[in-house]
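J.: below is the structure, and that's it, no one-letter string:
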């Protein structure tokens with residue numbers, strides 16, 4: 001375990017700081033663990049299931065699962081090398097312990113049940129450890145009840161069964177429908193185990209404790225094997241691998257879908273209303289994560305995610321929706337839950353209304369991702385090839401529309417980023433057609449519409465007064481997302497794009513390394529982590545290596561502070577030095593990887609010649 005400085009953070013009104021959480025996962029669900037040993041969030045059995053533990057959204061009635069020394073303590077923690085198995089060391093006046101935690105899997109893949117394992121080893125002296133388990137109520141919609149099955153506590157919450165397994169040295173002092181409490185005492189070389197085994201609408205297996213304990217090590221080997229097979233050869237290897245492992249939390253193994261984040265309704269700013277459910281697969285986020293997987297050489301994840309995405313779109317008749325469920329269905333509409341929210345921030349949402357928005361940038365995301373997939377040496381099937389041609393035609397038809405933009409805003413405008421992404425989509429379609437990967441029948445049309453888009457952008461979206469591409473046509477505001485489309489600038493007008501990047505850094509960054517999403521957001525929310533890394537990637541790929549290097553160093557120095565194990569949230573409040581928004585946030589981690597790739601000498605694809613190769617099964 002990489003050493004971490006000792007910290008002993010206290011809860012404020014029952015809530016831990018968002019940046020103090022660590023995560024464990026197994027490719028199906030993710031649990032968040034506070035420094036005081038409490039699992040405050042776990043949706044079982046799936047990322048988008050109703051939560052079993054949800055104290056992070058309501059400190060009063062929320063469920064949690066805690067292992068912590070009695071009395072005063074201090075702690076340090078970190079992940080095992082190249083692994084998502086977490087180790088936490090607690091020191092007390094009487095002794096010290098190590099807790100090793102894992103959502104277990106096998107070397108052959110995930111288990112047919114959810115298995116959350118927590119091993120406690122005595123290191124020095126004696127430590128009285130407390131166990132507290134409180135079941136959630138799924139936002140006051142279900143009431144847990146306990147069934148004592150042959151002496152083993154089995155909790156029922158709707159269709160979910162969760163069995164508490166524990167070693168013989170643990171004494172339960174209280175047991176009831178809503179949970180249990182107990183204690184045990186560690187000594188040098190003692191070894192205790194507590195685990196939850198859960199399943200939904202299925203019979204519940206009763207695995208032996210020794211097997212659960214053994215699978216902690218099996219899971220560690222599986223994580224290390226995955227990380228060791230990455231082919232990263234750029235800078236910031238430790239940060240890149242840790243972000244890669246964080247992205248792996250969001251890869252939903254049953255289907256290959258990629259969740260935007262593992263949590264719901266964590267606020268972008270305390271007291272505001274921007275608290276959204278991100279436990280779904282956004283086309284934009286999925287495409288960018290696939291891009292990061294390509295750079296990492298994670299072939300299996302890349303292929304599975306891209307196949308899931310294209311098949312899901314085909315299943316929905318080729319109509320692009322902003323997001324889908326992890327099973328490929330329609331995302332449920334938002335509803336408000338009767339919970340207090342993180343530190344009282346309302347409302348608490350489940351579901352997401354973004355699915356029905358018009359977001360033109362998705363065309364660029366899909367076509368650029370296809371090109372990266374091919375550049376990495378892979379081959380399109382006929383259905384995917386036809387889908388890409390269909391999307392290019394849809395883009396050529398619809399680029400003139402107003403949309404909600406990348407930030408999913410209620411006000412429809414001619415957003416500059418959206419227009420640049422449409423230009424990118426058609427530019428990639430032309431390149432794919434030239435190389436024989438998609439049907440070239442409409443290539444001439446795509447070329448003409450691509451050129452019309454760039455002329456429109458240069459005429460309507462550039463401000464001589466601001467020396468920048470603006471947020472949308474006719475506006476004088478700025479948008480950090482334009483850094484994502486630096487390829488447009490490098491091909492159409494490099495001077496204007498570089499000028500825009502500089503203005504964004506100065507005005508949206510307020511002199512620091514992190515930036516806000518767009519003009520005016522400093523009054524409503526925190527800085528958006530991914531935007532800072534997008535600027536690094538853009539500067540590096542446009543030849544401003546020194547500026548990109550300096551920015552990357554400053555960003556990492558700001559974000560990777562004491563106690564943080566690089567489970568990045570969506571946002572970081574530069575005024576209070578605290579994290580905000582949902583976590584682990586896919587955009588934050590993939591943006592770090594892509595920035596490091598840019599610093600390594602530029603991204604592959606998008607500007608290089610394609611190898612000519614027809615789609616598989618093409619007549």
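T.: Ah, there it is. Small disclaimer: the values here were computed from a predicted structure and weren't measured.
J.: any idea how far residue 306 is from residue 164?
T.: As for residue 164, its distance to residue 306 is 40 Å (criterion: CB to CB, to the nearest Å). C-beta here means a position set from N, CA and C on the backbone, and glycine is covered the same way.
J.: with neighbour numbers in mind, choose between those two.
T.: The residue with more neighbours, out of residue 164 and residue 306, is residue 306; 25 against 22, by other CB atoms under 10 Å.
J.: quick one, helices of the chain?
T.: Counting by DSSP state H, the segments of the chain that form helices are 209-228, 237-249, 283-296, 299-315, 361-375, 382-398, 416-434, 443-460, 486-492, 494-508, 529-541, 545-559, 586-599.
J.: quick one: the fourth one to helix 237-249, angle?
T.: To tie it back to what came earlier, the one meant is helix 299-315. With axes from the mean of the first three to the mean of the last three CA atoms, to 10 degrees as the basis, helix 299-315 and helix 237-249 are set at 40 degrees to each other.
J.: and the closest residue to residue 331 other than its chain neighbours, how many residues sit next to it?
T.: When the adjacent residues along the chain are set aside, residue 331 lies closest to residue 355, with 4.4 Å between them (CB to CB, 6 or more residues apart in numbering). Number of residues near residue 355 (other CB under 10 Å) recorded here: 17.
J.: how about residue 355, what does it touch?
T.: With CB atoms under 8 Å, 6 or more residues apart in numbering as the criterion, the residues that contact residue 355 are 321-324, 330-331.
J.: what does residue 467 give?
T.: Residue 467 makes contact with 499-500, 503 under the criterion CB under 8 Å, 6+ apart.
J.: scan those residues and report the most crowded one.
T.: Each of the contacts of residue 467 was scored by neighbours using other CB under 10 Å; the highest score is residue 500's, at 26 neighbours.
J.: looks like that residue contacts residue 489 (just checking).
T.: Yes - in this structure residue 500 lies within contact range of residue 489 using CB atoms under 8 Å: 7.3 Å.
J.: what do these two both touch?
T.: Shared between the contact lists of residue 500 and residue 489 (criterion: CB under 8 Å, 6+ apart) are residues residue 469.
J.: distance of the residue nearest to residue 577 when sequence neighbours are not counted from residue 162?
T.: In this structure, residue 577 finds its nearest non-sequential neighbour in residue 561, 7.4 Å apart by CB to CB, 6+ apart. Plainly put, residue 561 is 35 Å away from residue 162 if you go by CB to CB.
J.: those two: who's more crowded?
T.: Set side by side, residue 561 and residue 162 show more neighbours around residue 162, with 26 against 11, by other CB under 10 Å.
J.: okay but the more buried one is in contact with residue 195, surely?
T.: No - using CB under 8 Å as the test, residue 162 is too far from residue 195 to be in contact (10.4 Å).
J.: and the furthest pair within the contacts of residue 355?
T.: 322 and 330 (11.2 Å; CB to CB).
J.: neighbour-wise, which of these two wins?
T.: residue 322 (22 against 13).
J.: ok, that one touching residue 280?
T.: No - counting by CB under 8 Å, residue 322 does not reach residue 280; the two are 9.3 Å apart.
J.: one step back: of the helices of the chain, which is nearest residue 256?
T.: Distance to residue 256, taken as CB to CB, is lowest for helix 299-315 among these, at 3.4 Å.
J.: need the helix or strand of the chain with the lowest average pLDDT.
T.: Here the helix or strand of the chain ranked lowest by mean pLDDT, DSSP states H and E is strand 109-110, holding a mean of 86.
J.: which residues are in contact with the closest residue to residue 31 other than its chain neighbours?
T.: Distance criterion CB to CB, 6+ apart; nearest residue to residue 31, sequence neighbours excluded, is residue 42 at 4.0 Å. Counting by CB under 8 Å, 6+ apart, residue 42 touches 29-32, 51-53, 65, 116.
J.: kindly provide the distance from residue 42 to residue 19.
T.: Residue 42 sits 19 Å away from residue 19, taking CB to CB as the criterion.
J.: ok, now residue 192?
T.: The separation that residue 192 has from residue 19, given CB to CB, amounts to 29 Å.
J.: closest to residue 255 among the contacts of residue 42?
T.: Checking the contacts of residue 42 one by one against residue 255 (CB to CB), the nearest turns out to be residue 29, at 13.8 Å.
J.: neighbours around the closest one, how many?
T.: Other residues close to residue 29 by other CB under 10 Å number 25.
J.: surely it meets residue 113?
T.: No - under the contact definition of CB under 8 Å, residue 29 does not touch residue 113, with a separation of 11.2 Å.
J.: common neighbours of these two, please.
T.: Joint contacts of residue 29 and residue 113 (CB under 8 Å, 6+ apart) are residue 45.
J.: what comes up buried for the top strand by length along the chain?
T.: Here the longest strand in the chain is taken by residue count, with DSSP state E as the criterion, and it is strand 114-125. Of all the residues in strand 114-125, those buried under the rule 16 or more other CB atoms under 10 Å are 114-123.
J.: OK, contacts around the residue nearest to residue 301 when sequence neighbours are not counted?
T.: Ranked by CB to CB, 6+ apart and with sequence neighbours excluded, the top spatial neighbour of residue 301 is residue 293, at 4.9 Å. Applying CB under 8 Å, 6+ apart, one finds that residue 293 lies in contact with 247, 301-302, 305.
J.: mind picking the two most distant members of the residues you listed?
T.: Largest separation among the contacts of residue 293 by CB to CB: 247 and 302, giving 11.2 Å.
J.: what's the spacing between the residue nearest to residue 331 and residue 283?
T.: Residue 355 sits 10 Å away from residue 283, going by CB to CB.
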